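Chemist: no letters, just coordinates:
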């Protein structure tokens, strides 16, 4: 399967799908990996025509002392637009891909050290790529079977190609994440990330997510997720803020 993909996609996909094998514990003690894949789509017609699709696969393992999380997701959408001559056509309005690799070392208690790598591509925002990688320290202020709340701070190196301009810079990073089990079959979560540039605090990135998931049975769940990405210095003619809401089905693998 991996051989049919582009080199970058091959590396990302193989790392994501192989994560449980790469970091597996002793065979006598099966690792507690939680893996799921999701698909979503919507169509509209009539006064407006739209087509949107999204796909994602994630896997994570929690438990002291090593915690891992890998995520690969993509979104694509089209909308009908009216041209100057009065005719209409379908025009791409969403196309992005995102890969995340996150590691936490939790030696005991609630404090931890971490390392994360984030790779984002967004065709509509003229972002060929944005690589964000760096260490952090954090703490679980709440960590129970029902609720978790953690905060972390650190530094990050950001390298991006935006509107054909390549830039590399150091940024500070603050991150907050909360999750709550509404019941044995439903959960809600949110996260906020803030990345101000070290040389100019007025230049920053901010990312936020909120979502809810409810199980239909032991394998299939319904998901609704809203993601907001803010760039204080976008490409010329582009908005600073991008909001994306997706709904779909997740399958536990």
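Modeler: Right, received. Where do you want to start? Because the structure is predicted, anything quoted here is derived from the model rather than measured.

Chemist: quick one: low-confidence parts of the stretch 1-150 of the chain?
Modeler: Within the stretch 1-150 of the chain, the segments meeting pLDDT under 70 span 1-31.

Chemist: how near is the nearest residue to residue 80 once chain neighbours are set aside to residue 74?
Modeler: Sequence neighbours aside, residue 49 is the residue nearest to residue 80 in space, at 3.9 Å (criterion: C-beta to C-beta, 6 or more residues apart in numbering). (Glycine included, C-beta is placed from N, CA and C.) The spacing between residue 49 and residue 74, counted by C-beta to C-beta, to the nearest Å, is 22 Å.

Chemist: and what of residue 196?
Modeler: With distances defined as C-beta to C-beta, the gap from residue 196 to residue 74 amounts to 28 Å.

Chemist: before we move on, what about residue 191?
Modeler: When residue 191 is compared with residue 74 (using C-beta to C-beta), they lie 19 Å apart.

Chemist: following the helix or strand that residue 119 is a member of, which helix or strand comes up?
Modeler: Assessed by DSSP states H and E, residue 119 sits inside strand 111-122. Under the assignment DSSP H and E, the closest C-terminal helix or strand after strand 111-122 is strand 127-143.

Chemist: check which helices and strands whichever helix or strand comes after that following strand sits against.
Modeler: Proceeding N to C from strand 127-143, the next assigned helix or strand is strand 147-162, under DSSP H and E. In this structure, strand 147-162 packs against strand 111-122, strand 127-143, strand 165-183, with contacts taken as 3 or more C-beta pairs under 8 Å, 6 or more residues apart in numbering; DSSP states H and E.

Chemist: what's the angle between strand 147-162 and strand 165-183?
Modeler: 160 degrees (axes from the mean of the first three to the mean of the last three C-alpha atoms, to 10 degrees).

Chemist: paired strands for strand 147-162, with orientation please.
Modeler: The sheet places strand 147-162 alongside strand 127-143 (antiparallel), strand 165-183 (antiparallel), with pairing taken from DSSP bridges.

Chemist: what are the boundaries of the helices in the chain?
Modeler: 7-22 (DSSP state H).

Chemist: among the strands paired with strand 147-162, which is the most enclosed?
Modeler: Using mean count of other C-beta atoms under 10 Å, the stretch among the strands paired with strand 147-162 with the largest mean neighbour count is strand 127-143, at a mean of 16.

Chemist: run the chain-centre distance for that one.
Modeler: 11 Å (C-alpha atoms, centre = their mean, to the nearest Å).

Chemist: and the longest strand belonging to the chain, what does it pack onto?
Modeler: Residue-count comparison of every strand in the chain, with assignments taken from DSSP state E, identifies strand 88-108 as the longest. Contacts of strand 88-108 with other secondary structure elements, assessed using 3+ C-beta pairs under 8 Å, 6+ apart, are made with helix 7-22, strand 66-82, strand 111-122.

Chemist: the inter-axis angle of the longest one versus strand 111-122?
Modeler: It refers to strand 66-82. Following the same axes, to 10 degrees, one obtains 20 degrees for the angle between strand 66-82 and strand 111-122.

Chemist: what helices or strands is strand 66-82 leaning on?
Modeler: Applying 3+ C-beta pairs under 8 Å, 6+ apart, we find strand 66-82 packed against helix 7-22, strand 50-61, strand 88-108.
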